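Trainee: show me the folded form of this:
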Amino acid sequence: MRQEEVALDSSVLRAMERSIETCLERQGLGGSEVSLSIVDDREMHELNLRYRGVDRTTDVLSFPLEEQRPVEPCLLGDIVVSAPQAVRQAGEYGHSLLREMSFLVVHGTLHLLGYDHMTPDEDEEMQRLQEEVLAALGIVR
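Mentor: Next comes the predicted model:
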């Protein structure tokens, strides 16, 4: 964890881990590895500017190691989550920080697997998959 602004208890951290594992298992890639970093807004802003050319913070970024979706378990890449942004979003959406952090890591994991949300159909598919993973874990709004 590379931030001190938001205290994350063990239940949130464990939920994030279980969310990634469940997402990978449901996608047929159980046993794959993901690097997860939890950062502050300043670091996320810098990453978003450097890698996406967007001059503001964001909630989650994914950095896949491969351009193609893997066919067997492997090291998939990196997910970076802004804890302060997750806190703000949890408040805006009226749900827990545990739910928001779990959602963000599932979202990031799906990006590592090649899913995107650039078209309405892709967005609908990602939304469906995200909610299926969270529902399987009993993490609801």
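Trainee: which SS class is residue 115?
Mentor: coil (DSSP: H, G, I helix; E, B strand; the rest coil).
Trainee: which residue packs closest to it, ignoring adjacent ones?
Mentor: In space, and not counting its chain neighbours, residue 115 is closest to residue 126: 5.2 Å by CB to CB, 6 or more residues apart in numbering. Placement of C-beta: from N, CA and C, glycine included.
Trainee: which element, helix or strand, includes the closest residue to residue 29 other than its chain neighbours?
Mentor: What sits nearest to residue 29 in space, not counting adjacent residues and going by CB to CB, 6+ apart, is residue 73, at 5.6 Å. Assigned by DSSP states H and E, residue 73 belongs to no helix or strand.
Trainee: wouldn't the residue nearest to residue 115 be in contact with residue 114 here?
Mentor: No: Residue 126 is beyond contact range of residue 114, at 10.9 Å (criterion: CB atoms under 8 Å).
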